[in-house]
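K.L.:
make a model of this:
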Amino acid sequence: MPRQLIVILLVALVLVLMTVQNPNPVSVQFLSWEAKQVPVIIIILISLLAGIIISSVLGLIKQSKLKDKIRRLQREIEHLESSTAVPPDEEEIV
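P.N.:
The predicted structure follows:
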C-alpha cells in the first residue's frame with residue numbers, strides 16, 4: 001500500500017508542476033468537437049477522470065470474470081469430492 005501511495009503522490013506532484021508551469025489557456029480539438037481557451041488544469045482533470053473511469057470499468061469486468069471462474073471451479077471441486085467419496089461399506093472392508 002505505501003508504494004501505491006508514493007506513486008499517486010508523485011503523479012499528483014507532476015500534475016501540479018505541469019499546471020503551474022503552463023498557466024495559459026489552450027485550444028483543444030477532438031474529432032469534431034473543439035474548445036478554445038480552456039485552462040490546462042481542466043484538460044488534465046478530464047483526462048485523469050476518463051482514465052479512472054476506464055480503468056475502473058475494466059477492473060470490474062476482470063473481477064467479475066474471476067469470480068465466475070472461482071464459482072465454477074468450486075462447483076467442480078464439490079462434484080469431484082462427492083463422486084470420489086468412499087461409501088461407508090467399503091471403509092469397513094479395508
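K.L.:
got a list of what S27 touches?
P.N.:
S27 makes contact with E34, A35, K36, Q37, V38, according to C-beta atoms under 8 Å, 6 or more residues apart in numbering. Every residue, glycine included, has its C-beta placed from N, CA and C.
K.L.:
brain fart, I42
P.N.:
Taking C-beta under 8 Å, 6+ apart, one finds nothing in contact with I42.
K.L.:
any idea which element it lies in?
P.N.:
helix 40-83 (DSSP states H and E).
K.L.:
repeat that for V20.
P.N.:
When elements are assigned from DSSP H and E, V20 belongs to helix 2-21.
K.L.:
what angle do that helix and helix 40-83 make?
P.N.:
Going by axes from the mean of the first three to the mean of the last three C-alpha atoms, to 10 degrees, helix 2-21 is angled at 160 degrees with respect to helix 40-83.
K.L.:
what is helix 2-21 packed up against?
P.N.:
Applying 3 or more C-beta pairs under 8 Å, 6 or more residues apart in numbering; DSSP states H and E, we find helix 2-21 packed against helix 40-83.
K.L.:
centre of the chain versus the helix it packs on, how much separation?
P.N.:
Averaging C-alpha positions (C-alpha atoms, centre = their mean, to the nearest Å) puts helix 40-83 7 Å from its chain's average.
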